[in-house]
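Enquirer: fold the following for me, if possible:
(one chain, ligands or ions: 1)
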Amino acid sequence: MLSPAFLSQLRRLLPPHSVLHEREDLMPFESDGLSAYRNIPDVVVLPENEAQVAAILQLCHAEKIAVVARGAGTGLAAGALPIDGAVLLVLAKLNQIKAIDPLARTATVQPGVRNLAISEAAAAHGLYYAPDPSSQIACSIGGNVAENSGGVHCLKYGLTVHNILKLRAWTIAGELLEIGSDTLDSAGYDLLALMTGSEGMLAVITEVTVKLLPRPQRAQVVLAAFDDVAKAGAAVGNIIAAGVIPAGLEMMDRLAIQAAEAFVHAGYPLDCEALLLCEVDGVNEEVSDDIFTVREVLTASGATEIRTAESEEQRLKFWAGRKAAFPAVGRLAPDYYCMDGTIPRAQLPHVLRRISEMSAEYGLAVANVFHAGDGNLHPLILFDANTPGELHKAETFGGKILELCVEVGGTITGEHGVGLEKINQMCAQFSTPELVRFHAVKAAFDPDTLLNPGKAVPELHRCAEWGAMHISGGQLPHPELPRF
Ligand SMILES: Cc1cc2nc3c(=O)[nH]c(=O)nc-3n(C[C@H](O)[C@H](O)[C@H](O)COP(=O)(O)OP(=O)(O)OC[C@H]3O[C@@H](n4cnc5c(N)ncnc54)[C@H](O)[C@@H]3O)c2cc1C
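Expert: Model prediction:
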């Protein structure tokens, strides 16, 4: 619990409407997009400018009070989950687009600006911001940087880290860091990359300069159906091996196709096990060449049906099913649990087969809808939280999928971050010396561990306890650590 004296100090820094303390005002902030994890915050502050952000951080630093930053709260790993005795610092009111420079092809924006709002503002100049999380209508650019978010277009255009140039960020001590530059390289350690994906644990971001791209002359999408998920998985690698880098290469399995079709009537074939959507973009001639190659590769990979969108309307219809797939799957069961792991593309057939076997072992259905080109899986595990034990079963199953990703040379997060959700799997992904270096980096920015404590990077004793329970392939993780 925060003391009344501390709350009074907060109120002196901010206008009355920027400090929320009543239970009914705090309830909307109890979780992010992963609503299985909830905790009502002690206090929520909504600063309206950078000076207020700095003042809040300085006060919390002086009083040794923890701070959890929050953007739009769409995160799926409980990264912005409130912590007892901490301040929840919501950046949503810092929502100004400060400048668009069409010559430099950049936009400078405050952290609360929505991802899609950047492209909407840049459209007047024929430009757009490429990383496009499916949540782009709501998620904030500050959250995107903190999670290193991705989306359909990241296969060709890169993740957030590849599409930003500069940040303004504040340490917990209230010091300003100006990171990156207007040029492609800057001197010294690459703090821009370090800050990207740091999940609110190193500093609070108050301004982002993003790169903008010219809108492509033409975009065209091919839809391909397969009678076998493994064949569709292999086709993904074959397309890229043929020299085409699609603007998007997405896959859906039978359950996801049927759910999406019932929901939005995209016209998908229903008598197949997997669908691939492959979009190419660029200048006219390049798109025509790539479409030809993609169709040839899909035929050679065993596609049972191939359709090319011949109009913009048809292209959007093909995508409508994919874009609505998450809410569509949400209609199949009372709850679903969305995992996010990444694997080398070549492992897609093996991993999809193992997920299907595990689905039978756990007795929980799984729909797969994912960024296949990036090897970024999103298995949606269906369950009913009202059935005792099912949430736990879904979480255990999800954890096993992530461990499988690590086993085949992949990673436990593709774009959603670690947060609290995947903190145990960090013990499977990293060795003790690596985790020690992570803690050293954290200490360089935040020696008192006040920014988003307990998230993303596990304490070594947590790994020791987790390792004692998770012997995998005869190997005890972190054997060098004492067991408790
Ligand atoms: C339906 C749906 C679809 C999604 N699809 C995708 C997808 O395709 N790709 C993808 O990558 N993600 C996706 N997400 C996840 C989520 O939208 C992203 O992680 C997004 O970047 C989170 O942004 P946010 O503003 O909501 O951040 P929040 O959830 O508020 O916070 C996320 C993390 O960032 C930190 N943070 C937020 N703002 C700041 C700041 N200004 N300074 C420092 N730290 C900060 C928080 O502490 C927390 O750790 C999806 C989510 C939903 C609900």
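
Enquirer: SS state for Leu404?
Expert: Secondary structure assignment for Leu404 (DSSP: H, G, I helix; E, B strand; the rest coil): helix.

Enquirer: thought it was touching Val351?
Expert: Yes - under the criterion of Cβ atoms under 8 Å, Leu404 lies in contact with Val351, with a separation of 6.2 Å. In this view, the C-beta of every residue, glycine as well, is placed from N, C-alpha and C.

Enquirer: for Gly233, which non-adjacent residue is spatially closest?
Expert: Nearest-residue entry for Gly233: Leu348, 3.3 Å, with adjacent residues in sequence omitted and distances by Cβ to Cβ, 6 or more residues apart in numbering.

Enquirer: let me know the helix or strand that the one you found is in.
Expert: Remark: Leu348 resides in helix 348-362, with elements defined by DSSP states H and E.

Enquirer: for that helix, C-alpha coordinates in PDB please.
Expert: Backbone C-alpha positions of helix 348-362 (Å, rounded to 0.1, in the frame of the first residue of the first chain) are rendered in PDB as follows:
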ATOM      1  CA  LEU A 348       7.600 -25.400 -39.100                       C
ATOM      2  CA  PRO A 349       6.400 -28.900 -40.200                       C
ATOM      3  CA  HIS A 350       8.000 -30.600 -37.100                       C
ATOM      4  CA  VAL A 351       6.800 -28.000 -34.600                       C
ATOM      5  CA  LEU A 352       3.200 -27.900 -36.000                       C
ATOM      6  CA  ARG A 353       3.000 -31.700 -35.800                       C
ATOM      7  CA  ARG A 354       4.300 -31.700 -32.100                       C
ATOM      8  CA  ILE A 355       1.700 -29.000 -31.200                       C
ATOM      9  CA  SER A 356      -1.000 -31.100 -32.700                       C
ATOM     10  CA  GLU A 357       0.200 -34.200 -30.600                       C
ATOM     11  CA  MET A 358       0.400 -32.100 -27.500                       C
ATOM     12  CA  SER A 359      -3.100 -30.800 -28.100                       C
ATOM     13  CA  ALA A 360      -4.300 -34.400 -28.000                       C
ATOM     14  CA  GLU A 361      -2.200 -35.100 -24.800                       C
ATOM     15  CA  TYR A 362      -3.600 -32.100 -23.000                       C
END
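
Enquirer: and stretch 245-265, end to end?
Expert: Taking Cα to Cα, to the nearest Å, the first and last residues of stretch 245-265 lie 28 Å apart.

Enquirer: and the ligand, is it touching that?
Expert: No - applying Cβ under 6 Å from any ligand atom, one finds that stretch 245-265 is not in contact with the ligand, the shortest distance being 10.4 Å.

Enquirer: would you mark the buried spots in that stretch?
Expert: 246-261, 263-264 (16 or more other Cβ atoms under 10 Å).

Enquirer: with stretch 75-95 instead?
Expert: Using 16+ other Cβ under 10 Å, the residues of stretch 75-95 that count as buried are 75-83, 86-92, 94-95.

Enquirer: next one: stretch 16-36
Expert: For stretch 16-36, the buried set under the neighbour-count rule, 16+ other Cβ under 10 Å, comprises Ser18, Val19, Leu20, Leu26, Phe29, Glu30, Ser31, Asp32, Gly33, Leu34.

Enquirer: which of those fall in helices?
Expert: Members of those lying in helices (criterion: DSSP state H): Leu26.

Enquirer: in a markdown table, list the buried residues of stretch 16-36 along with distance to Gln110.
Expert: Formatted as a markdown table, those follow (distance: Cβ to Cβ, whole Å):
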| residue | distance to Gln110 |
| --- | --- |
| Ser18 | 15 |
| Val19 | 20 |
| Leu20 | 20 |
| Leu26 | 24 |
| Phe29 | 20 |
| Glu30 | 25 |
| Ser31 | 24 |
| Asp32 | 20 |
| Gly33 | 22 |
| Leu34 | 25 |
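
Enquirer: any chance of the buried residues of stretch 16-36 in a markdown table, with distance to Glu312 and pLDDT too?
Expert: Rendered in a markdown table, the data for those read as follows (distance: Cβ to Cβ, whole Å; pLDDT from 0 to 100):
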| residue | distance to Glu312 | pLDDT |
| --- | --- | --- |
| Ser18 | 44 | 97 |
| Val19 | 48 | 98 |
| Leu20 | 44 | 98 |
| Leu26 | 45 | 98 |
| Phe29 | 40 | 98 |
| Glu30 | 41 | 97 |
| Ser31 | 38 | 96 |
| Asp32 | 34 | 95 |
| Gly33 | 31 | 92 |
| Leu34 | 35 | 90 |
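
Enquirer: now, among the buried residues of stretch 16-36, which is nearest to Cys272?
Expert: Distance from Cys272 was checked for each of those by Cβ to Cβ. The minimum falls on Gly33, at 30.1 Å.

Enquirer: need the contact list for that closest one.
Expert: Contact analysis of Gly33 by Cβ atoms under 8 Å, 6 or more residues apart in numbering lists Gly73, Thr74, Gly75, Leu76, Ser135.

Enquirer: can you give me the pLDDT of whichever residue of the stretch 251-400 of the chain sits closest to the ligand?
Expert: Residue of the stretch 251-400 of the chain nearest the ligand, by Cβ to the nearest ligand atom: Phe326 (5.2 Å). Model confidence at Phe326, given as pLDDT, is 88.
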